[in-house]
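In: compute the structure for the input listed below.
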Amino acid sequence: MNGSSAITVTGADGKKEVILADKNDVAKAFHKTICQSTEKVTAEGVITEKDGKKTIALTKIEAAK
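Out: Sure thing, here's the model as predicted:
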């Protein structure tokens, strides 16, 4: 994905959606952890939508416990 992280979220209705992470310092630092694999994570941030695509500006992300 050209260095971008993507997060798949499951809504209350069970529908899954992929949200790309903005390339900020939080995302860049965590990308090394998941660049070659898929991991369950806990993420916090602000989701925005532009041209029908959602992105998240991460403020915190860590491997799920």
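
In: state the phi and psi torsions of the residue sitting furthest away from the middle of the chain.
Out: Here the chain reaches farthest from its C-alpha mean at residue 13, the gap being 19.5 Å by Cα atoms, centre = their mean. Recorded main-chain torsions at residue 13 are phi -80, psi 0, according to degrees, to the nearest 10.

In: let's have the chain start at 33 instead
Out: Fine by me, first position is 33 from now on; the one you just mentioned is residue 45.

In: how much space is there between it and residue 52?
Out: According to Cβ to Cβ, to the nearest Å, residue 45 and residue 52 sit 21 Å apart. Every C-beta, even on glycine, is put in place using the N, C-alpha and C of the backbone.

In: pull out the buried positions in stretch 71-79.
Out: 73, 75, 77 (16 or more other Cβ atoms under 10 Å).

In: the closest residue in space to the second one that isn't next to it in sequence: neighbouring residues, count only.
Out: Residue nearest to residue 75 in three dimensions, not counting chain neighbours: residue 93, with 4.5 Å by Cβ to Cβ, 6 or more residues apart in numbering. Counted with other Cβ atoms under 10 Å, residues neighbouring residue 93 total 21.

In: contact partners of the helix or strand bottoming out on mean pLDDT in the chain?
Out: Among the helices and strands of the chain, helix 57-66 carries the lowest confidence by mean pLDDT, DSSP states H and E, at a mean of 79. The contact list for helix 57-66 (Cβ atoms under 8 Å, 6 or more residues apart in numbering) reads 35-37, 53, 71, 73, 77, 90-95.

In: hang on, the earlier thing: isn't the residue nearest to residue 75 right up against residue 72?
Out: No. Counting by Cβ atoms under 8 Å, residue 93 does not reach residue 72; the two are 11.3 Å apart.

In: please enumerate the strands of this structure.
Out: 38-42, 48-53, 73-82, 85-95 (DSSP state E).

In: in terms of secondary structure, what does the longest one contact?
Out: With contacts defined as 3 or more Cβ pairs under 8 Å, 6 or more residues apart in numbering; DSSP states H and E, the packing partners of strand 85-95 are strand 48-53, helix 57-66, strand 73-82.
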